[in-house]
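> pasting the sequence and the predicted coordinates here, then a few questions.
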There are 2 protein chains.
Amino acid sequence: MQETNRTEIATLGEFGLIKHLTKDIELKNPETQYGVGDDAAVLEFKDKKVLVTTDLLMEGVHFDLVYTPLKHLGYKSAIVNFSDIYAMNGTPKQITVSIALSKRFCIEDLEQFYDGLKLACELHHVDIVGGDTTSSVTGLAISITCIGEADKDKVVYRNGAQDTDLICVSGDLGGAYMGLQLLEREKAVFQGEKEANPDFSGKEYILERQLKPEARKDIIEKLAKAGIKPTAMMDISDGLSSELLHICSQSNTGCRVYEERIPIDYQTAVMAEELNMNVTTCALNGGEDYELLFTVPLTKHEQVSAIEGIKVIGHITKPELGCALITRDGQEFELKAQGWNPLKEK
Amino acid sequence: MQETNRTEIATLGEFGLIKHLTKDIELKNPETQYGVGDDAAVLEFKDKKVLVTTDLLMEGVHFDLVYTPLKHLGYKSAIVNFSDIYAMNGTPKQITVSIALSKRFCIEDLEQFYDGLKLACELHHVDIVGGDTTSSVTGLAISITCIGEADKDKVVYRNGAQDTDLICVSGDLGGAYMGLQLLEREKAVFQGEKEANPDFSGKEYILERQLKPEARKDIIEKLAKAGIKPTAMMDISDGLSSELLHICSQSNTGCRVYEERIPIDYQTAVMAEELNMNVTTCALNGGEDYELLFTVPLTKHEQVSAIEGIKVIGHITKPELGCALITRDGQEFELKAQGWNPLKEK
């Protein structure tokens, strides 16, 4: 929260606030015909499939404002939705943005949140076309819906994986979770001791993975360029294990994943060691990496391996073989979904 | 909240809960190609405009669970979004439903909420295609996004009203607000005195207006049948004054509305008298009626007057004449937006 330049939201009211935050928005896409300012936005998609995804983010559950700058929160709120559209092999085109806020937020806070949102939208050529701004008697709530498009024969579901397909992931895993652990540790230190200065040097990458994740538009574009249409795809928001089990259960297959092939960044590994955690467990179960998990036919092995930023980590099997991780020493462990579950008993 | 048959949400977890609540959903519309269960829903609209609207409802701001049954809340949450699509002269087709809930809610509560949602969706032929279910450390938050369609030349915006156009409303106004006042009064009585039994007899209509509003699909259909395309339209969620000012400011016009023509139900008038409130003020500024406010060319006077459930309440003027109410005794008062504003200083 900003300390200086505090302008109360009540000075503008709901409609004034919306006007203030959206006045400089220029619609970029021809598919967007009317944005903010009426009962509904008006869009037109010629001869395409329309994709719709939505996320609800609650303060105290999905983010902690103690260490999350509002600009980053705005950026991330948009990115996690774009990621879902890319995971369908589509292109995000529009978002609606609803926020409920309490009196402790001022207009400058909202401006920062919108700055982050707008930056993400600019990078991904997405239009902000509507939303709802209201008050909350408790914490901050953010609900974003993203609309995207895809060519009719290009949509990729979770249920298309076939026996012998290769399992691929983009980027590296576990970093966002390690970033969260680091932030939580420093928050605890900070709350215990007022003089404490958090030391984040050498840990910039994992912090960025947590606070400013990216959606892998580039991977979707590279796959298209290489003429590869994945057989199944989703984004990794709840952890690799959990997502793999979704693909296998919806595709009615099993899978084998090799521990040694799971891509892990150096900083992630160092942080895991510092915290006495098993780095593979973090990569399997830590959420919020927003990388893409997908399967391609075995015949695409050479082409997919040649793409920078993609790693083949295993293969799809017949369903009766179940879903397992093969460790470095050759042992087989059943994959379990132990990823982030906001509704699980704590 | 239900007292008996309490099944904790943690017994199912996020994915189990979603599956439980959505398992019997059958997709009704050919425009819905894939619903719940992937990263995004997949839709296809052939040669139509796509409409998108969204609402975020927060406990303690938009609803009070002391007197709002969860089934009604589910129904209303869907209806308010359908209403926005009808207000564009469109047809709602799909919704996504996001909810954040705390531990005090059990699965049976959610089932009731979904029963209400599904009932509204059934009546309006709308598919539930996705959403997000998560936890809240505080109150209940509900975010619904509705996608609709309209023929390319049929979309009606707020900005098309012209000098001399007739101003029309459907149904009657102020009832939902009076229902809310009644519920708040009985809640206060109830909290003061445990034995008190709220007496709602003869007040069923205004209670229903508040707890179970309807979206005016029928009016849209009647207008289409009569060959009338409104020049401007919106739904009345924040109060007639506020909405009229939106239409006039966006259309760059003024307006004259006649007090004696504003449709008010008998129960609304009786309740206003009981509470010592001016019933016209209630009809002008009370929100949540979800009736349609629209303008039609003067030449349509006869046709529009012949439609049951529609009342002509005034006319559009040149902008320099401003926006005014003409009272029963012929005085002119400037219209002010004093409707519901969740972000206004209390």
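It's in.
> report the buried residues of the helix or strand encompassing A:Glu208.
Here A:Glu208 is covered by helix A:204-211, with elements defined by DSSP states H and E. Within helix A:204-211, the residues that qualify as buried are A:Tyr205, A:Ile206, A:Leu207, A:Glu208, A:Arg209, A:Gln210, A:Leu211, counting by 16 or more other C-beta atoms under 10 Å in any protein chain shown. For every residue, glycine as well, the C-beta is placed using N, CA and C.
> what is the nearest of those to chain B?
Checking those against chain B with C-beta to the nearest C-beta, the nearest one is A:Gln210 at 18.2 Å.
> what about the closest residue to the closest one other than its chain neighbours, how many neighbours?
Distance criterion C-beta to C-beta, 6 or more residues apart in numbering or on different chains; nearest residue to A:Gln210, sequence neighbours excluded, is A:Gly179 at 3.0 Å. A:Gly179: 27 surrounding residues under other C-beta atoms under 10 Å in any protein chain shown.
> just checking, A:Gly179 touches A:Arg209?
Yes - between A:Gly179 and A:Arg209 there is a contact under C-beta atoms under 8 Å: 5.0 Å.
> doesn't A:Glu260 belong to a helix?
Yes - assignment of A:Glu260 by DSSP: H, G, I helix; E, B strand; the rest coil places it within a helix.
> check what pLDDT it gets.
If you check A:Glu260, the pLDDT there is 97.
> how about it: what's its closest non-neighbour residue?
A:Arg328 (5.3 Å).
> next, the residue found closest to A:His125 once you drop the neighbours it is linked to in the chain: secondary structure please.
Nearest non-adjacent residue to A:His125, counting by C-beta to C-beta, 6+ apart: A:Lys28, 5.6 Å away. Counting by three-state DSSP, the backbone at A:Lys28 sits in coil.
> any idea where the helices of chain A begin and end?
Along chain A, counting by DSSP state H, helices occupy A:13-22, A:70-86, A:107-123, A:175-192, A:204-211, A:217-225, A:240-251, A:266-274, A:279-285, A:301-305.
> show me what from the stretch 101-250 of chain A comes close to chain B.
A:129-139, A:141, A:143, A:145-148, A:150, A:152, A:155, A:157-159, A:233-235, A:250 (C-beta under 8 Å from any C-beta of the partner chain).
> among those, which ones are buried?
A:129-136, A:138-139, A:141, A:143, A:145-148, A:150, A:155, A:157-159, A:233-235, A:250.
> distance of the closest residue to A:Asn89 other than its chain neighbours from A:Leu51?
Using C-beta to C-beta, 6+ apart and skipping the chain neighbours, the partner closest in space to A:Asn89 is A:Val156 (4.1 Å). In this view, A:Val156 and A:Leu51 are 11 Å apart by C-beta to C-beta, to the nearest Å.
> any shared contact partners between these two?
Shared contacts of A:Val156 and A:Leu51, defined by C-beta atoms under 8 Å, 6 or more residues apart in numbering or on different chains, are found at A:Met88.
> the more surrounded of these two?
Between A:Val156 and A:Leu51, A:Leu51 has the larger neighbour count (other C-beta under 10 Å), namely 29 against 24.
> okay, and the beta partners of that one?
Following DSSP bridges, A:Leu51 is listed with bridge partners A:Gly148, B:Val42.
> for A:Glu59, same thing?
For A:Glu59, the beta-bridge partners are A:Phe63 (DSSP bridges).
> pull the contacting residues for it.
Contact analysis of A:Glu59 by C-beta under 8 Å, 6+ apart lists A:Leu65, A:Gly139, A:Leu140, A:Ala141, B:Val137.
> any idea which of those is closest to B:Ser201?
Nearest to B:Ser201 among those: A:Ala141, at 38.0 Å, using C-beta to C-beta.
> and the closest one, what's its pLDDT?
Note for A:Ala141: predicted pLDDT of 96.
> just give the nearest non-adjacent residue to it, would you?
Leaving aside its sequence neighbours, A:Ala141 sits nearest to A:Ala100 (C-beta to C-beta, 6+ apart; 4.3 Å).
> now swap in A:Pro263 and tell me
A:Asp172 (4.2 Å).
> the one you found: how many residues sit nearby?
A:Asp172 is flanked by 21 other residues according to other C-beta under 10 Å.
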